[in-house]
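Colleague: here is my input; please provide its structure:
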Amino acid sequence: MTSTTTSSIPTLDELNTMTQAAFAAALGEVFEYAPWVAEAAAQQRPFASLDALHQAMLATVHGSPREQALRFLCGHPELSVSAVRSGTLTVDSQQEQQSAGLGDLAQEQGERLAALNQAYRTRHGFPFIACVRHYTRLGLFAELASRAERDTEQEFAEALRQIGFISRLRLSQRVGAGSLQAA
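Modeller: The predicted structure is shown next:
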């Protein structure tokens, strides 16, 4: 990474002193289509560590009413060949799904993925959510098939857990070195 790129990424110290609007703008995309998470976290500053910031953001999500949490989950994109190829995903989701090779699936694999996604959504009422960076392509297929059979409450909790992994990785990319890291 070049120093030019690094210098445009705020440190935790800088995030702690930004206006609420600037903080929300810097971190609003950490949680997919949910800038309200960063807006709520901004009110809890200062943060002593990146982990403390992440925990505050997660607490906002976990503390939201069930209906809001369900809308939040439904705002996440499905793992999809067509979405990767069409470029309709957020920049983060595009990079994550492409890194898992989803844009390179053969037609038969893409159709299988679509069928698994549909079965999952039909059973649970929200899209399958996984931190794709933690899986191989084949591992994602197996995970989706397995999780489609789970109890919806168990899967709701697992979807939120996976969002925790995703958001932690995204947050790490948005907060530069030089921040206070001690808890």
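Colleague: gap between the residue of the chain positioned farthest from its centre and residue 140?
Modeller: Note on the chain: the largest C-alpha distance from the chain mean falls to residue 108, namely 27.1 Å (CA atoms, centre = their mean). As judged by CB to CB, to the nearest Å, residue 108 and residue 140 stand 16 Å apart. The C-beta positions use only the backbone N, C-alpha and C, and glycine is treated the same way.
Colleague: and if you look at residue 167?
Modeller: Look at residue 167 and residue 140: by CB to CB, they are 19 Å apart.
Colleague: then residue 62?
Modeller: For residue 62, the distance to residue 140 - CB to CB - is 25 Å.
Colleague: these two - which one has more neighbours?
Modeller: Under the neighbour definition other CB atoms under 10 Å, residue 62 and residue 140 were set side by side, and residue 140 has more, 21 against 12.
Colleague: residues contacting the helix or strand in which that one is found, please?
Modeller: In the assignment (DSSP states H and E), residue 140 maps to helix 137-148. Residues from elsewhere that reach helix 137-148 (CB atoms under 8 Å, 6 or more residues apart in numbering): 79, 100-102, 105, 109, 112-113, 116-117, 119-120, 123-124, 128, 130, 132, 135, 155, 158.
Colleague: buried subset of those residues as a ChimeraX selection?
Modeller: Buried members of those can be picked out in ChimeraX with the line below, counting by 16 or more other CB atoms under 10 Å:
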select :79,100,102,105,109,113,116,117,120,124,128,130,132,135,155,158
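Colleague: so which elements touch the helix ranked longest in the chain?
Modeller: In the chain, taking DSSP state H as the definition, the longest helix is helix 152-174. Helix 152-174 sits against helix 20-27, helix 50-62, helix 66-74, helix 107-124, with contacts defined as 3 or more CB pairs under 8 Å, 6 or more residues apart in numbering; DSSP states H and E.
Colleague: any chance of those in a markdown table, with mean pLDDT and distance to residue 34 too?
Modeller: What follows is the helices and strands packed on helix 152-174, written out as a markdown table (pLDDT from 0 to 100; distance: least, CB to CB, whole Å):
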| stretch | mean pLDDT | distance to residue 34 |
| --- | --- | --- |
| helix 20-27 | 96 | 11 |
| helix 50-62 | 98 | 8 |
| helix 66-74 | 97 | 6 |
| helix 107-124 | 95 | 19 |
